[in-house]
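Chemist: Could you work out the structure for the sequence below:
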Amino acid sequence: MPANNKRIAKNTIMLYIRMFLMMAVAFYTSRVVLKVLGVDDYGIYNLISGFVTVFSFVNKALVSATQRYLNVALGKQDDDLFTKIYSMSINIYLLLSAIILLVGETVGLWFINTQLNISPDRMFAARWVYQFALFMFVFRILRTPYNAAVVAHEKMDFYAYISIVEAVLQLLIVFLIQNTSLDKLIVYAALMLATVIIITVVYRVYCTKEFNQCLFRLFWDKSLFKELLGFSGWSLLGQIAVIGRTQGENFLINHYFTVAANAARGVATQASNATHMFVTNFQTAFNPQLTKTYAAGESKDHLNLLFRSSKWSYFLMLIVMLPVAFNVEALLGVWLEEVPEFTASFCVLGLISYLVMALSSPITTSIFAHGQIRNYQIALCVVFFIGLLLSFLALKMGLPPYSVSRVSIIVQIMMLLVRLYYAKKMVKLRLREYFSNVLLPVGIVTVVSLTIPFVLHIVDKNNLWMTFLYCIADMLWGVVIVYLLGLNRTEKRFVSQTIENLKHKIIR
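Modeler: This is a model prediction of the structure:
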């Protein structure tokens, strides 16, 4: 396990380098893009691109299968099995891309033309945005096997390098749309497609040169195809529910309000996602080890990793959330020249939802490592359907658009309970141990860490520098409380050793 701990620590550091770079670029570019496009066009882009992600439920289901089976193959040290899974995945994704294009150019195009609340004078641009977004999605599908191979091999340094390329391209897009005389919304969507194509090509070149197992073979293994789709089929059901609820909420907001409300949710989602990246990068470093330890039959190590990943994921999210949530209006004012109405409420509620999600995401990885996910996915579908129904009722009753984010928090809590139940059945997770190792320290840290930010929040912030100081104070307070009350002796020792190793590397 010490070697795995070092690998996880190294991968986490590389992923955080990637994250800070992408966050800096994302916050700058979104500020400029919102200013250049305007609130309505920005809302149209988020609405259209959100609609295209409706198709992603199929892709995400296959991503889960590909990632799970590649990790299992590496856990068993079976290179031939890895190559077969890799090749079959590419074959399946090519077939999937053709189906997505067929559905997108028929049913999807009809929906864009007849069902969305977009002003007639912007429908021409909206149709072009839809076309670019559709092909953008197809190229992301084709990238999936390469992405899965990189994560399975735990080559997180590659993410840092590819992010430099992606960041440069995004900055170039910002420059170009500010200086074009053409329709800025159409140009922005076209350049985003070009970026996705370039990054996909880089992924493919890297995987074929770096990994010997990434050899594409023109063959069709019927049994492997059934096995992959058998796992993906139930994962597909869960993804349909996820996309149905998320995009259903977007369409409900668009129906009861305007594209300005969609813009508010789009901005808030981008801000919340940037904050959540702190957790997803950390979990990306943990997930391969979770699957590999289960595949190797190391149940004790697997559960220890699960406890550690759940607790640390929550703590990371909490530390980052505190300064953002308690200073959200001031931060949005610094970030954006024009802040859409309801953005702050969307943002805070989204952060709380992600906080609960941080606890349960590692449990999902363990359940997927087990492989028997039918009943689990059916249960999640029921939860998501209840969430969408509650959102519909809330908006129909005349509640504000951010009510859907309140419902999302309830949904995440319900999902955590469902995941704990199935983890107990599948991977023999003991609820008492999970409570003592995860929920109890998480609860204590949460209550204590809210005290100082709450006190600072009620004090008037006279200027930007005071807001900046409050943010630092909130974060430092969170770090101190997590270290003192949230970590056990072994975890404190691991953190200290990691910091010492970083110091030595920096000095060298």
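
Chemist: and stretch 250-268, how far from the chain's centre?
Modeler: Here stretch 250-268 shows a centroid-to-chain-centroid distance of 20 Å under the convention C-alpha atoms, centre = their mean, to the nearest Å.

Chemist: again, but for stretch 468-481
Modeler: With C-alpha atoms, centre = their mean, you get 25 Å for stretch 468-481.

Chemist: what pLDDT, on average, does that stretch get?
Modeler: The average pLDDT within stretch 468-481 is 88.

Chemist: List the buried residues in the helix or strand where residue 207 lies.
Modeler: In this assignment (DSSP states H and E), residue 207 forms part of helix 184-210. Of the residues in helix 184-210, those with enough neighbours to count as buried (16 or more other C-beta atoms under 10 Å) are 184-193, 195-196, 199-200, 202-204, 206-207. (Glycine included, C-beta is placed from N, CA and C.)

Chemist: all helices of the stretch 351-500 of the chain, in order?
Modeler: For the stretch 351-500 of the chain, the helices defined by DSSP state H, counting those that start in this stretch occupy 374-396, 403-426, 431-434, 440-449, 451-457, 464-481, 489-507.

Chemist: Return the list of helices and strands in contact with the third one.
Modeler: Going back to what we said before, that points to helix 431-434. The contact analysis (3 or more C-beta pairs under 8 Å, 6 or more residues apart in numbering; DSSP states H and E) places helix 431-434 against helix 299-326, helix 403-426.

Chemist: how about it as CSV, C-alpha atoms only?
Modeler: C-alpha atoms of helix 431-434 as CSV (Å, rounded to 0.1, in the frame of the first residue of the first chain):
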residue,chain,number,x,y,z
LEU,A,431,-22.3,0.9,7.8
ARG,A,432,-21.0,1.2,11.4
GLU,A,433,-17.4,1.5,10.2
TYR,A,434,-18.5,4.0,7.5
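
Chemist: In it, which residues are buried?
Modeler: For helix 431-434, using 16+ other C-beta under 10 Å, the buried residues are residue 434.

Chemist: what mean pLDDT does the host helix or strand of residue 103 have?
Modeler: Secondary structure from DSSP H and E places residue 103 in helix 79-103. Across helix 79-103, pLDDT averages out at 83.

Chemist: Give me the residues contacting it.
Modeler: By C-beta atoms under 8 Å, 6 or more residues apart in numbering, the residues outside helix 79-103 that reach it are 55, 58-59, 62, 66, 69-70, 73-74, 134, 137-138, 141-142, 144-145, 148-149, 152, 212-221, 224-225, 228-229.

Chemist: List the buried residues for it?
Modeler: So helix 79-103, judged by 16+ other C-beta under 10 Å, has buried residues 81-93, 96-97, 100-101.

Chemist: can you tell which of the helices of the stretch 351-500 of the chain is closest to residue 49?
Modeler: Nearest of these to residue 49, taken as C-beta to C-beta: helix 403-426 at 18.2 Å.

Chemist: Give the rounded mean pLDDT of the closest one.
Modeler: The model assigns helix 403-426 a mean pLDDT of 90.

Chemist: For residue 433, see how far away the closest residue to residue 346 other than its chain neighbours is.
Modeler: Closest residue in space to residue 346, ignoring its immediate chain neighbours: residue 268 at 3.3 Å, by C-beta to C-beta, 6 or more residues apart in numbering. Note on residue 268: its distance to residue 433, by C-beta to C-beta, to the nearest Å, is 36 Å.

Chemist: sorry, back to before: which strands and helices sit next to the helix holding residue 207?
Modeler: Using 3+ C-beta pairs under 8 Å, 6+ apart: helix 184-210 touches helix 2-52, helix 123-152, helix 156-178.
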